[in-house]
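K.L.:
Predicted model follows, preceded by the sequence.
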Amino acid sequence: MTSYFYPTKVSTRFWTRPNRLAEAQIRIPFGELMNLTKKHTTTAMATSSSASSTTTTTTPPMADPTQSLLKQARSHEVSIAELSAISSSRTVYQKNGNIFFRTSVQQATASEKKQLDMLKAKLQKQDLVK
């Protein structure tokens, strides 16, 4: 027997169950849900030379670390805004690695604010070093 989980995506890190009165619910087996949330990475094709077989990988050029930190901070700000729009009585599922943990909206918001504060501290530290 397959157990089903009825997720509603709140942000990239949180999922919540929809209201029972929702018009359309998607039934997704939990294992498939985990497969949907995995990030897909692309790998370079292996090339072989006539003398020997070698594998080459291409890496994207190094982006400015400040830009990536700003992008992460923006993501945390969006998560906080979306969590504040949810009723405090609802539970959310916070993603930690590949596993979702059930938590309250208040705890999830506090966690996001803490991560945002750490990112802002890193940004300030980088600005002082430059």
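P.N.:
Received it, and whenever you're ready, just let me know what you need.

K.L.:
mind showing which ranges of this structure have poor pLDDT?
P.N.:
1-63, 130 (pLDDT under 70).

K.L.:
pull the longest helix from it.
P.N.:
If you go by DSSP state H, the chain has its longest helix at helix 105-129.

K.L.:
Name the residues of the one helix or strand residue 102 maps to that are buried.
P.N.:
Element membership of residue 102 [criterion: DSSP states H and E] is strand 99-104. For strand 99-104, the neighbour count (16 or more other Cβ atoms under 10 Å) marks 100, 103 as buried. From N, CA and C alone the C-beta is placed, and that goes for glycine too.

K.L.:
how much space between residue 89 and residue 76?
P.N.:
As for residue 89, its distance to residue 76 is 23 Å (criterion: Cβ to Cβ, to the nearest Å).

K.L.:
same check, this time on residue 109
P.N.:
Counting by Cβ to Cβ - residue 109 and residue 76 are separated by 11 Å.

K.L.:
so what's in contact with the two at the same time?
P.N.:
The contact sets of residue 109 and residue 76 do not overlap (Cβ atoms under 8 Å, 6 or more residues apart in numbering).

K.L.:
So for stretch 110-121, what gets flagged as buried?
P.N.:
For stretch 110-121, by 16+ other Cβ under 10 Å, it's 111-112, 115-116, 119.

K.L.:
Which residues does it contact?
P.N.:
Outside stretch 110-121, the residues that touch it by Cβ under 8 Å, 6+ apart are 13, 69, 72-73, 76-77, 79-80, 83, 94, 103.

K.L.:
Now tabulate those in a markdown table and tack on distance to residue 127.
P.N.:
A markdown table is the format used below for these (distance: Cβ to Cβ, whole Å):
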| residue | distance to residue 127 |
| --- | --- |
| 13 | 26 |
| 69 | 11 |
| 72 | 16 |
| 73 | 13 |
| 76 | 18 |
| 77 | 18 |
| 79 | 24 |
| 80 | 23 |
| 83 | 28 |
| 94 | 30 |
| 103 | 33 |
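
K.L.:
which of those residues are buried?
P.N.:
Judged by 16+ other Cβ under 10 Å, buried ones among these: 13, 73, 76, 79-80, 83, 94, 103.
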